[in-house]
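1. any chance you can model this:
(2 chains)
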Amino acid sequence: DAKTTQPTSMDCAEGRAANLPCNHSTISGNEYVYWYRQIHSQGPQYIIHGLKNNETNEMASLIITEDRKSSTLILPHATLRDTAVYYCIALYGATNKLIFGTGTLLAVQP
Amino acid sequence: EAGVTQSPTHLIKTRGQQATLRCSPISGHTSVYWYQQALGLGLQFLLWYDEGEERNRGNFPPRFSGRQFPNYSSELNVNALELEDSALYLCASSLSGTGGETQYFGPGTRLLVL
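-> Next up is the predicted model:
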């Protein structure tokens, strides 16, 4: 299972785009990149995932570099409710084991 | 559509007792996962059940066990409770156990061992 590296914390102004980076330089070809967030020790909330191509849904966009060694989660218009710990995870389908690191604490400022 | 549900929301036990935590997956999901989030340790994978069988297990002692019922709901049992078992226990479910399916989490059960 590949390890991911994320900054400990980031700030973002309300209404601006939040760009959260993740490094997964040892990711293998069959590992998905997943993003979850956790607010106040609630259950983690699924955001988005991808394998090779960039992905977009109603919550966010995921940009994966061509060599798949890093990715960026983009929240296009951050709100105060987006303040949370964001986890980037490389998921190997055979084990289906999400390995959570320490994540990035995103603080959206008014 | 209802999400993953867990019961109870809070549980208080004393050292040496047994705790039973329950999880109902999203309707149609056959895989259930258990994670532990202890203070200062982050989220750690505990167990994965699919179609009634244990498929994978994390680095936890055998006193952590569970099962999955024919209706795909699941139970996590923790025997001989220790103080360090105090944690938020999270259950997740996925549509199937194949190929990296998205896991959706419930709200968790907060276990306090005194």
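2. for the chain, which segments count as helices?
-> Using chain A. Using DSSP state H, no helices are assigned anywhere in chain A.
3. low-confidence stretches in it?
-> Along chain A, the parts satisfying pLDDT under 70 run over A:1.
4. write out the residues of chain B neighbouring chain A.
-> Contact residues, chain B versus chain A (CB under 8 Å from any CB of the partner chain): B:4, B:31, B:33, B:35, B:37, B:42-45, B:48, B:55-56, B:58, B:88, B:90, B:92, B:94, B:97-108. Placement of C-beta: from N, CA and C, glycine included.
5. PyMOL command to pick out the buried ones of those?
-> Burial among the residues of chain B next to chain A is assessed by 16 or more other CB atoms under 10 Å in any protein chain shown; the matching PyMOL selection reads:
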select buried, chain B and resi 4+31+33+35+37+42+43+44+45+48+55+56+58+88+90+92+94+97+100+101+103+104+105+106+107+108
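6. inside strands: which ones of the residues of chain B next to chain A?
-> B:31, B:33, B:35, B:37, B:42-45, B:48, B:55-56, B:88, B:90, B:92, B:94, B:104-105 (DSSP state E).
7. quick one: stretch B:2-15 to chain centroid distance?
-> 10 Å (CA atoms, centre = their mean, to the nearest Å).
8. quick one, what contacts residue 102?
-> Defaulting to chain A. With contact taken as CB atoms under 8 Å, 6 or more residues apart in numbering or on different chains, residue A:102 is in contact with A:6, A:8, B:42.
9. my question was about chain B
-> Applying CB under 8 Å, 6+ apart to residue B:102 gives the contacts A:34, A:46, A:49, B:94, B:95.
10. how about the residues of chain A near chain B?
-> A:31-32, A:34, A:36, A:41-46, A:49, A:87, A:91-93, A:95-102.
11. just the C-alpha atoms of stretch A:33-42, please, in PDB.
-> Extracted in PDB, the C-alpha atoms of stretch A:33-42 (Å, rounded to 0.1, in the frame of the first residue of the first chain):
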ATOM      1  CA  VAL A  33      -6.400   8.000  -5.200                       C
ATOM      2  CA  TYR A  34      -9.200   8.700  -2.800                       C
ATOM      3  CA  TRP A  35     -10.000  11.900  -0.900                       C
ATOM      4  CA  TYR A  36     -12.100  12.000   2.300                       C
ATOM      5  CA  ARG A  37     -12.700  14.700   4.800                       C
ATOM      6  CA  GLN A  38     -13.600  14.600   8.500                       C
ATOM      7  CA  ILE A  39     -15.300  17.300  10.500                       C
ATOM      8  CA  HIS A  40     -15.200  17.300  14.300                       C
ATOM      9  CA  SER A  41     -14.700  13.600  14.700                       C
ATOM     10  CA  GLN A  42     -17.800  12.700  12.600                       C
END
